[in-house]
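# next one to model:
(one chain, ligands or ions: 3)
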Amino acid sequence: MSNHERETYTVTGKSFTAVAVNMAAKAGEYMKSKLGQATDVRVKTSPHDLVTEVDKGTEILIRKIIHTYFPTHDILGEEGVEPGAEASRLALEAVKDREYVWIVDPIDGTTNFIHGLPFYSVSIALAHRGEVIVGVVYDPSRDELFVAEKGKGAYVHGKRIQVSPEEELAGSLVATGFPTDRQHVLPLALKQIESVAPRVRNIRAGGSAALHLAYVAAGRLTGFWEANLNAWDIAAGMLLVQEAGGKVTDMNGEPYGLHVRDVAATNGRIHDDLIAAIR
Ligand code: IPD
Ligand code: CA
Ligand code: CA
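Numbers count the residues shown, from 1 in each chain. Ligands and ions are numbered 1, 2, ... in the order given. Model (predicted):
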């Protein structure tokens, strides 16, 4: 790589992250002002899968900013995709190998948001030819902005974060989620919880996959797993965990890729044991 190319890459990389941070901050401020005040609550795939006018408005705000700075980039945003796993797979398939794709979940934790429970986030990732190079998760309730750049570490407000030191499940605090698909996925999730609960210190289910991943990166949780998530739930948090020294795979231990829907993310040290417990 010539000096010129290296310089160009660095400058471009910085500006991608700066734009991601800016979008997350703006989006977070907007949604926080609407907490617990959504008026148009609609059912997506089931009464456990909801969307509001604030989810849609936030995604529009983010799309406008992306188009302003990077008009040629593609966007995979939750509210631009029909509900359901199959539509998500197709939407990802259509863009995954494109040069630059922004992967956006405008509100991760919509159920909490509707109920006024301050545990939700905005999740923004940028993938370059299928590889996530920037990940930002913002929690407006605590004003915590988690940022990761490929190869450059993970940070919250400029302070480097690291995964937690636990070596064993017995001392681990882990998190999971209750899936929106109550017919096929919930029975599996309940079996996993039954298997994991006696082995760990405790389990939490906060209701925002992206924030759970950010918490694994920050060492507040030892690990997280959940089945049937979408690329926009995982991509940004995945990079945070990796850049904080942790490990992210599917539930069989296969390497992470944008197609992964059943995710396991840990401090690395308990990874194999957590996977053994959920399989
Ligand atoms: C949901 C949250 C939740 C998880 C669900 C997701 P949404 O995303 O991440 O924690 O358990 O599976 O669908 O619908 O609030 O963006
Ligand atoms: Ca989500
Ligand atoms: Ca969402």
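# surely Val216 and Gly268 touch.
No. Judged on C-beta atoms under 8 Å, Val216 makes no contact with Gly268 at a distance of 10.2 Å. (Glycine included, C-beta is placed from N, CA and C.)
# who's in contact with Cys81?
Rather than Cys, residue 81 is Val. Ala87, Ser88, Ala91 (C-beta atoms under 8 Å, 6 or more residues apart in numbering).
# can I assume the last one sits in a helix?
In other words, Ala91. Yes. Under DSSP: H, G, I helix; E, B strand; the rest coil, Ala91 falls within a helix.
# just want the residue of the stretch 151-279 of the chain that's nearest ligand 3.
Nearest to ligand 3 in the stretch 151-279 of the chain, going by C-beta to the ion, is Trp232, at a distance of 7.1 Å.
# and this protein, what are its domains?
3-160, 169-278 (automatic domain parsing).
# residues in contact with Leu169?
Contact analysis of Leu169 by C-beta under 8 Å, 6+ apart lists Val196, Arg199, Val200, Ile270, Asp273, Leu274, Ala277.
# show the contacting residues for the third one.
Contacts were defined as C-beta under 8 Å, 6+ apart; by that measure Val200 touches Leu169, Ala170, Ser172, Leu173, Val174, Thr222.
# ok, the third one to Leu240 distance?
Pointing back at Ser172 there. Here the criterion is C-beta to C-beta, to the nearest Å. By it, Ser172 lies 18 Å from Leu240.
# neighbour count: these two, which is higher?
Comparing Ser172 with Leu240 by other C-beta atoms under 10 Å, the one with more neighbours is Leu240, at 33 against 24.
# so the more buried one is in contact with Gly135, correct?
Yes. Counting by C-beta under 8 Å, Gly135 is a contact partner of Leu240 at 5.4 Å.
# now do the shared contacts for those two.
Phe146, Val147, Ala148.
# what is the second one paired to in the beta sheet?
Spelled out, it's Val147. In this structure, Val147 bridges to Val136, Tyr155 when assessed by DSSP bridges.
# thinking again about what came up before, from the contacts of Val81, which is closest to Pro255?
Pro255 has its nearest neighbour among the contacts of Val81 in Ser88, at 20.0 Å by C-beta to C-beta.
# can you tell me the SS state at that closest one?
Applying three-state DSSP: Ser88 is helix.
# got the residue ranges for the strands in the stretch 101-250 of the chain?
Ranges of strands within the stretch 101-250 of the chain are 121-128, 131-139, 144-149, 153-156, 159-160, 173-175, 202-204, 223-226, 247-250, based on DSSP state E, counting those that start in this stretch.
# got a markdown table for the ones you listed, with mean neighbour count too?
Formatted as a markdown table, the strands of the stretch 101-250 of the chain follow (neighbours: other C-beta atoms under 10 Å):
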| stretch | mean neighbour count |
| --- | --- |
| strand 121-128 | 28 |
| strand 131-139 | 26 |
| strand 144-149 | 24 |
| strand 153-156 | 20 |
| strand 159-160 | 9 |
| strand 173-175 | 23 |
| strand 202-204 | 14 |
| strand 223-226 | 29 |
| strand 247-250 | 22 |
